[in-house]
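Chemist: Below: sequence and its predicted model.
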Amino acid sequence: MQVETADMVKVFSRPQSLTAAKSTYCPGCHHGILTRIIGKTIDELGIAERTVCIAPVGCSVFAYNWYRCDAIQAAHGRASAVATGVKRADPNLIVFAYQGDGDFASIGTAESIHAANRGENITVIFVNNQVYGMTGGEMAPTSLVHQKTTTTPAGRDPAQVGYPIRFSEMIAQLDAPTYITRQALFDTRRILDTEEAIKKAFENQVNEKGYSLVEVLSTCPTNWRMSPIASNKHVADVVTEVFPLGDLVDRR
Amino acid sequence: MERSVVIAGFGGQGVILAGKILAQAGMDHGLEVTWLPSYGPEMRGGTANCTVVTSDSPVGSPIVDEPSALVAMNRPSLDKFAALVVAGGTILVNSSLIEAPIERSDVRVVSVPLNALAAKIGNARTINMIALGALIKATAIVPLETLKRTMEKAFEDSGKAKLVAVNIQAIEEGYNAA
Amino acid sequence: MGKRDLLRGNEVIAEAAIRAGCQCYFAYPITPQAELLEHMARNMPRLGRTFVQAESEIAAVSMVYGAAAAGVRTMTSSSSPGISLKQEGISYLAGSNLPAVIVNVVRGGPGLGDIAPSQCDYFQATKGGGHGDYHMIVLAPSTVPEAGELTMLAFELADRYRTPVMILTDGLLGQMMEPVELPEPIDPASIPAKPWATTGASGRDPNIILSFDLDPEVLRQMNLDLQAKYRRIEEAELRYEETMTEDADLVIAAHGTMARIAETVVRRAREEGLKVGLFRPITVWPFPYEPLRELSSHVSTVLTVEMSAGQMWEDVRLAVAERAATPFYGEMGGIVPTPRDILSEVRKHAG
């Protein structure tokens, strides 16, 4: 079909800071939306030429492919420590670590907490989808009580494996962090809220305000075995009950 | 010529510092030296020892199995190291704390009442410098003046210049007592 | 001769790193290398450089990974149990072709072991240590001044080959003091440009630092490239020292602290009329197989002496093959063989 473009105005396009690489994320997964928000933020702040992305291990291991900026792929859980190393080596760089719940809140527990406690002037995006997506849907530290995963086939039993960990609340107990917030992407309003939060988290770093953490509740339709629409509804109705949305710390 | 000294005593007797100053004095005298501490929990109480090797050619082993001299500041140190001293070597005994006779006849024994001399000087912490004064008299590892200069600089560098005079006195007391 | 100072091995390594242009140092406290960490804590901030006491060894080496990726000279140090924890990061450094210096002041093992000197981490240092097909350049100093010189060299080699380099020493050398003429600080302009570093994609395509590719064909090529680099290092960077080997009938093979103790043994053995020499690898990876092979065809015995159950001994036997007898003498657990102990072994095998 031929489209007449003479009288049309472009109102939406791919952010400059994103590459043309094809996404490897599943349909309905929120990583894609989040990636776009980060790209848009980098554009708006004009920082692409001094941004370094720290990619984790997990579904977003390929994060370095999506952004048109320098990137480092870190060992599982170590992204916040690697970000520390980069930022200390060159404080002029804008460093963001993009980490899933297994990476940030399980195997990287020590690195995550201590980077926050040092008040490293970095931005951490923590994607909480309550499941290990890449390895096949195993239990995450954030999996909900009774959530069925491939390693909790009868549902997460708190008597055996404890409760979903509210990592952002834990970090919010520390004195150093500047900004800690939990956001979601299940509807337009939340997407706009997340955009605002992420922009704030990057601005804090640009303005040398210190450590910012944006936790983003995300979906995993594939491993949740739900449709994308049902997944969104699940986040809105169930997940936010366990992980309430909103700012936990804002000390700018 | 290579010479090796084991300085041993209770933690707190200044054994480690005495070794460092002896090594530094050896270096200031133009010799090659090594200084090796016993490290770890021994640093904090218990027994302590260190080994100093001086030589006019590069030092090989910093581990000494046949020391040419032993400074025994207390009885356990004497028991532990006396048998190792090379025949013809020197054992400096702190006779204030060690009453037992030395079983060996093939070494030179120099008895100096370190604690008594320190009491006479009026500063109990000078026993390590009294020991060094006595040691260099008995062994001539470094000249007296070199030792005094090295000690003076070491104390000044660590902000303890006011202790120099009493430690000069200690070195001389030891030197004269040996 | 310039000014000599009486300095501890650990402090000399730290100071040499500073003079080699180390910009970022990250570490976690452990005996017997605490003086190294403390020297850096006192001096790096004063020089406007980075010192971070990390929350763990794993975090420390991960910070090194980040700083190395960002293009600065960087170092971490630890002792045996801590180096075990760093293996993840070392494997990543090797896989990502990142230059960094790692210091292992070895203590007795396995497990928590003790804090006394040992050479029990030789396998870990020279054969990989972490997962994957990789090596580090491993330098084994035997005197305090040499510890300083090799630390300077370590930074140079790390940058030249984009590889992690380890200083393999032990608690004895770390703790002992010797007169040292500290090396002159390098000219920062002499550090090679790092166009591959993540310094911000300004006026160029983005730089990506990674150690993986899920396509086996691609990963195979990455491995082949690594191996080609290792062959270049083997060609160009072998370092070793021979003492009184010209007429020797028995040669002691030893590295690091053990080698300097063996020097005293050589001297004493010669006084007894025994024709004894010393072969000391300075690079324990790459191991000087060829020079030792050559030497072994002129002697009857190569006696390996180590503070381990016989780790370097395996490399010695690979080099010597059947050309000479290859007995072993070692101590473990932090016991340091004395010259007398080694001399009695020498007497058993000599003549």
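Modeler: In hand now; what should we look at? Numbering: from 1, shown residues only, chains lettered A, B, ... in the order given.
Chemist: Please enumerate the strands of the chain.
Modeler: I went with chain A, as the question did not name one. A:51-55, A:70-73, A:94-100, A:123-128, A:131-132, A:138-139, A:179-184, A:212-217, A:246-250 (DSSP state E).
Chemist: Wait, chain B was what I had in mind.
Modeler: So, for chain B - with DSSP E - the strands run B:3-10, B:32-37, B:47-55, B:69-72, B:90-94, B:108-112.
Chemist: Of these, which is nearest chain A?
Modeler: Closest approach to chain A among the strands of chain B (C-beta to the nearest C-beta): strand B:32-37, 33.0 Å. The way it works is simple: take the backbone N, C-alpha and C, and place the C-beta from them, glycine included.
Chemist: got the phi/psi numbers for the nearest residue to C:Gln33 once chain neighbours are set aside?
Modeler: Leaving aside its chain neighbours, C:Gln33 sits nearest to C:Val105 (3.9 Å; criterion: C-beta to C-beta, 6 or more residues apart in numbering or on different chains). Backbone torsions for C:Val105, taken as degrees, to the nearest 10, come to phi -90, psi 90.
Chemist: what pairs with C:Val105 across the strands?
Modeler: C:Thr169 (DSSP bridges).
Chemist: hang on, the earlier thing: dump the strands of chain B into JSON lines; add distance to A:Asp175 as well.
Modeler: Output for the strands of chain B, formatted as JSON lines (distance: least, C-beta to C-beta, whole Å):
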{"stretch": "strand B:3-10", "distance to A:Asp175": "44"}
{"stretch": "strand B:32-37", "distance to A:Asp175": "40"}
{"stretch": "strand B:47-55", "distance to A:Asp175": "41"}
{"stretch": "strand B:69-72", "distance to A:Asp175": "52"}
{"stretch": "strand B:90-94", "distance to A:Asp175": "53"}
{"stretch": "strand B:108-112", "distance to A:Asp175": "58"}
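Chemist: Deepest in the core, which of those strands is it.
Modeler: The highest average neighbour count among the strands of chain B, using mean count of other C-beta atoms under 10 Å in any protein chain shown, belongs to strand B:69-72 at a mean of 28.
Chemist: just checking, what packs against it?
Modeler: Strand B:69-72 sits against strand B:3-10, helix B:75-81, strand B:90-94, helix B:127-139, with contacts defined as 3 or more C-beta pairs under 8 Å, 6 or more residues apart in numbering or on different chains; DSSP states H and E.
Chemist: Paired strands for the first one, with orientation please.
Modeler: In other words, strand B:3-10. In its sheet, and by DSSP bridges, strand B:3-10 pairs with strand B:47-55 (antiparallel), strand B:69-72 (parallel).
Chemist: Can you say which of the ones you listed is nearest to C:Pro29?
Modeler: Shortest separation from C:Pro29 across the strands paired with strand B:3-10 is recorded for strand B:47-55, at 21.6 Å, computed as C-beta to C-beta.
Chemist: what about the closest one, average pLDDT?
Modeler: Averaging pLDDT along strand B:47-55 gives 93.
Chemist: Show me where chain B dips below the pLDDT cut-off.
Modeler: Residue ranges of chain B with pLDDT under 70: B:39-46.
Chemist: In terms of helices and strands, where is C:Ser308?
Modeler: Assessed by DSSP states H and E, C:Ser308 sits outside every helix and strand.
Chemist: That one contacts C:Thr126, correct?
Modeler: No. Here C:Ser308 lies out of contact with C:Thr126, judged by C-beta atoms under 8 Å, at a distance of 11.8 Å.
Chemist: In terms of neighbours, single out the busier of the two.
Modeler: Each of C:Ser308 and C:Thr126 has its neighbours counted (other C-beta atoms under 10 Å in any protein chain shown); C:Thr126 has more, 25 against 22.
Chemist: interface residues of the stretch 1-150 of chain A facing chain C?
Modeler: Within the stretch 1-150 of chain A, the positions adjacent to chain C are A:48-52, A:54-55, A:61, A:64, A:67-75, A:78, A:81-90, A:92-93, A:110-111, A:113-114, A:118 by C-beta under 8 Å from any C-beta of the partner chain.
Chemist: Correction: the previous question concerned chain B.
Modeler: For chain B, the contact set with chain C under C-beta under 8 Å from any C-beta comprises B:20, B:23-24, B:27, B:32-37, B:39-40, B:58-66.
Chemist: so what's A:Ala55 up against?
Modeler: A:Val61, A:Phe62, A:Ala63, A:Tyr64, A:Ala71, A:Ile72, A:Gln73, A:Ala74, A:Ala79, A:Tyr98, C:Leu210 (C-beta atoms under 8 Å, 6 or more residues apart in numbering or on different chains).
Chemist: Tell me which stretches of the stretch 51-200 of chain A form helices.
Modeler: With DSSP state H, counting those that start in this stretch, the ranges of helices along the stretch 51-200 of chain A come out as A:63-66, A:79-89, A:101-102, A:109-117, A:158-161, A:167-172, A:188-206.
Chemist: right, so these: which one is the most enclosed?
Modeler: Mean neighbour counts for those (mean count of other C-beta under 10 Å) peak at helix A:79-89, with a mean of 32.
Chemist: any idea how far the helix ranked longest in chain C is from the chain center?
Modeler: Scanning chain C for the longest helix, with DSSP state H as the assignment, gives helix C:216-236. Distance of helix C:216-236 from its chain centroid, counting by C-alpha atoms, centre = their mean, to the nearest Å, is 21 Å.
Chemist: That concludes my questions; thank you for your assistance.
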